[in-house]
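Peer 1: Need a 3D model of the sequence below.
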Amino acid sequence: MRAQSSATRTSAIAVGGPDTASGTRASGTLSSGTRSFGTLQAALGVAAFSLTFPATAWGLEGFGPWSLIAVRSILAAVIAGGCLLALRVPLPERRHWSGLAVVGGGVVLGFPLLTTLALRTSTTAHAAVVVGLLPLTTALLSALRIGTRPSRTFWCAALAGAAAVLAFTVQQSGGALSTADVYLFAALLVCAAGYTEGGRLARVMPGWHVIGWALVLCLPLTVPMAAVALAYEPVHLTAHSVTGLLWVSAGSQFLGLVVWYRGMAAIGIPKASQLQLAQPLLTLVWSVLLLGEHLTVAAPLTAAAVLVCIAVTQRARG
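Peer 2: Numbering: from 1, shown residues only. Okay, here's the model as predicted:
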């Protein structure tokens, strides 16, 4: 990983050099190689995120919800801050700090905290409804915030994919609503806002700078929060709880977001967000392997429907 600068035109996104670098053509369109690499990075981010709920469930075996959130954010900030310091990355321009605050509030604090509170009483299958609706919500906020205008085909495929994932995850949880749903839907909104703002910032700075500075920016909140939470919530260190904490800190909170934001910058927020349609199904697979939860026969049918929707959204003009 090395520091690098990014520049952008109205019609193109450069992730690591001038307008003519990083696979962009002089005309402002992305080359197929850049688009493929961006899609791969976004997909790696989705794979990392798919482990977040099972890892959080493991973490909750030894930590209280507030302790887990604070400590995971601090550990991720230490990793990110170390990279920023070692590579002598300059401070972001003042005009970018408000956007970084939105990323921090939505991705670093809001989404992890709300979903962790929900997972105290909800299964990972039920919580997957959040990430099932997240792609569509992110695309909607992107259209409002950045002015993106995906095609009608794109929207039809996105709605179909979201509906398939929503129906599957609700069916998996028996269709019951609980107080955890308040946390889940609130998490959906704040995370979509963080993704949208982070994707916008990743147009003008490397993606790992975005999440790195957002994590560092949250330290004045997370350090006192950790001190108070650890004083009141008992900690029982086990192999599961430590492994879960380390994954949500390094994998989900930092490395996953690094490749995710780079992928969004390369292929656009709407198209990248649709790759997350596969995330609930991946989460359910991990839930079976790591938590012992059971899947129904609807899983392969839903997976096939989601993959078709993803293929359509990736081919539709955004």
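Peer 1: wait, Leu60 sits on Ala118?
Peer 2: No: taking contacts as CB atoms under 8 Å, Leu60 lies outside contact range of Ala118: 11.0 Å. C-beta: built from backbone N, CA, C; applies to glycine.
Peer 1: the more surrounded of these two?
Peer 2: Taking other CB atoms under 10 Å, Leu60 and Ala118 do not tie; Ala118 has more neighbours (26 against 19).
Peer 1: I'd like to check which residues are in contact with the more buried one.
Peer 2: Going by CB atoms under 8 Å, 6 or more residues apart in numbering, Ala118 touches Ala127, Ala180, Asp181, Tyr183, Leu184, Ala187.
Peer 1: Then Trp66?
Peer 2: Residues near Trp66 by CB under 8 Å, 6+ apart: Leu113, Met225, Val228, Ala229, Glu233.
Peer 1: From one end of stretch 200-210 to the other, what's the distance?
Peer 2: Counting by CA to CA, to the nearest Å, you get 10 Å between the two ends of stretch 200-210.
Peer 1: Just give me how far that stretch sits from the chain centre.
Peer 2: 14 Å (CA atoms, centre = their mean, to the nearest Å).
Peer 1: Can you pull the poorly scored residue ranges out of the protein?
Peer 2: 1-30, 172-177, 295-296, 314, 316-318 (pLDDT under 70).
Peer 1: Strands of that one, residue ranges please.
Peer 2: For the chain, applying DSSP state E gives strands covering 8-9, 12-13.
Peer 1: Measure how buried Gly268 is and give me the count.
Peer 2: Neighbours of Gly268 using other CB under 10 Å come to 23.
Peer 1: Make residue 1 into 39 and carry on from there
Peer 2: Let's use 39 as the start, then, which means that last one is Gly306.
Peer 1: Would you confirm that it contacts Arg187?
Peer 2: No: applying CB under 8 Å as the test, Gly306 and Arg187 come out as separate, 11.2 Å apart.
Peer 1: what are the ranges of the helices in the stretch 189-338 of the chain?
Peer 2: Secondary structure of the stretch 189-338 of the chain (DSSP state H, counting those that start in this stretch): helices located at 190-210, 218-239, 245-255, 257-270, 277-284, 294-305, 307-312, 317-324, 336-353.
Peer 1: quick one, which of the ones you listed is packed in tightest?
Peer 2: Highest mean neighbour count among these (mean count of other CB atoms under 10 Å): helix 307-312, with a mean of 30.
Peer 1: I'd like to know which elements that helix is packed against.
Peer 2: helix 70-87, helix 162-183, helix 190-210, helix 218-239, helix 294-305, helix 336-353 (3 or more CB pairs under 8 Å, 6 or more residues apart in numbering; DSSP states H and E).
Peer 1: Need the contact partners of that helix.
Peer 2: If you take CB under 8 Å, 6+ apart as the criterion, helix 307-312 is touched by 76-77, 80, 172-174, 176-177, 180-181, 184, 186, 188, 192, 195-196, 199, 233-234, 237-238, 298, 301-302, 347-348, 351-352, 356.
Peer 1: Then stretch 95-102?
Peer 2: For stretch 95-102, the surrounding residues in contact (CB under 8 Å, 6+ apart) are 106, 109-110, 154, 157-158, 162, 267, 270-276, 278-283, 286, 328-329.
Peer 1: What separation do you get for Cys347 and Ala200?
Peer 2: 8 Å (CB to CB, to the nearest Å).
Peer 1: Tell me the spacing between Leu329 and Val344.
Peer 2: Applying CB to CB to Leu329 and Val344 gives a distance of 21 Å.
Peer 1: for Ser287, what are its contacts?
Peer 2: Residues near Ser287 by CB under 8 Å, 6+ apart: Val109, Arg110, Ser111, Leu113, Ala114, Ile117.
Peer 1: what's the answer for Thr281, then?
Peer 2: Ala93, Trp96.
Peer 1: count of neighbours near the closest residue to Phe223 other than its chain neighbours?
Peer 2: Leaving aside its chain neighbours, Phe223 sits nearest to Val168 (7.5 Å; criterion: CB to CB, 6 or more residues apart in numbering). Applying other CB under 10 Å, we find 28 residues neighbouring Val168.
Peer 1: can I assume Val168 is in contact with Ala224?
Peer 2: No: the pair Val168 / Ala224 is not scored as a contact, 9.5 Å apart, by CB under 8 Å.
Peer 1: and which of the contacts of Ala156 is nearest Leu122?
Peer 2: Ala225 (27.0 Å; CB to CB).
Peer 1: And that closest one, how far from Ala195?
Peer 2: Counting by CB to CB - Ala225 and Ala195 are separated by 24 Å.
Peer 1: likewise Val242?
Peer 2: With CB to CB as the criterion, Val242 and Ala195 are 29 Å apart.
Peer 1: can you tell me how far Gly137 sits from Ser189?
Peer 2: In terms of CB to CB, Gly137 sits 27 Å off from Ser189.
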